[in-house]
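Chemist: sequence first, then the predicted structure:
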Amino acid sequence: MKSNPNTVWNPARLDVRAFAQAGARLNADDAMDRFERLKDELHPDSATAELPGVRWQAQGALRAASEGGDPAVWLHLLAEVVAPLTCQRCLGAVETPLRVDRWFRFVADEATAAVEDNDCEEDLLPLEPRPSLYELLEDELLMALPLVPMHDSCPVPVPMQSGDVAAVDASADEHRPHPFAALSRLKK
């Protein structure tokens, strides 16, 4: 099937087989608001700031099947965004580049994906129900988040506590009046 430039592809419910047969490509620069779960991971102060867009591209392809038969349906997904995450050291916003570059092979259904998953290295997804590229993009971007986002060098001084914390707490307790001291005086 030749690619028709007039074909409109719906990324919210993509017919991946037809997309791959056409060798079609979709690309966009979508607002972060489209990706609610990713937006929830951003630094709290970023809610009032201008958020970056998520640039993404999807390319469909058919590849010869390894055991002969019908060609396999593949989808190549690229995405990138610079997300303001929370630095775990200073708790300020740290601009963190996220990048996704993944290939997915599509199979007939969930049962086929479950059977073939243990014997292959690629990511398998079912053709039905039709996948949402937005959900797939968001899942991949969430998995690209660093475990501990941090600045290389924090822009503000980070208070560090050193020494024996128990000794500091004990000296503070010596100067604090005991809460039941007044009751012992009443008893006399």
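Modeler: Cool, got the structure.
Chemist: rest of the way, CA atoms for contacts and neighbours
Modeler: Noted.
Chemist: my read is residue 19 is in a helix, agree?
Modeler: Yes: counting by DSSP: H, G, I helix; E, B strand; the rest coil, residue 19 is found in a helix.
Chemist: wait, what's in contact with it?
Modeler: By CA atoms under 8 Å, 6 or more residues apart in numbering, residue 19 lies in contact with 9, 25, 60-61.
Chemist: what's the closest of those to residue 136?
Modeler: residue 60 (14.4 Å; CA to CA).
Chemist: state the distance from the residue nearest to that closest one when sequence neighbours are not counted to residue 76.
Modeler: Spatial nearest neighbour of residue 60, chain neighbours left out: residue 20 (3.8 Å); criterion: CA to CA, 6 or more residues apart in numbering. Plainly put, residue 20 is 10 Å away from residue 76 if you go by CA to CA, to the nearest Å.
Chemist: neighbour count: these two, which is higher?
Modeler: More crowded of residue 20 and residue 76, by other CA atoms under 10 Å: residue 20, with 22 against 16.
Chemist: surely the more buried one meets residue 58?
Modeler: No: using CA atoms under 8 Å, residue 20 makes no contact with residue 58, being 10.2 Å away.
Chemist: next, show the common contact partners of these two.
Modeler: Counting by CA under 8 Å, 6+ apart, the residues touching both residue 20 and residue 58 are residue 75.
Chemist: Three-state assignment for the residue positioned nearest the centre of the chain, please.
Modeler: Centroid-nearest residue in the chain: residue 142, 0.9 Å away (criterion: CA atoms, centre = their mean). Assigned by three-state DSSP, the conformation of residue 142 is helix.
Chemist: same question, residue 98
Modeler: Classification of residue 98 by three-state DSSP places it in strand.
Chemist: show me the contacts for it.
Modeler: So residue 98 contacts 80-83, 141, 144-145 (CA under 8 Å, 6+ apart).
Chemist: swap the cut-off to 10 Å and go again
Modeler: 54, 79-83, 140-146 (CA atoms under 10 Å, 6 or more residues apart in numbering).
Chemist: residues near residue 57, how many?
Modeler: A count of nearby residues for residue 57, using other CA under 10 Å, gives 17.
Chemist: understood, closing this out.
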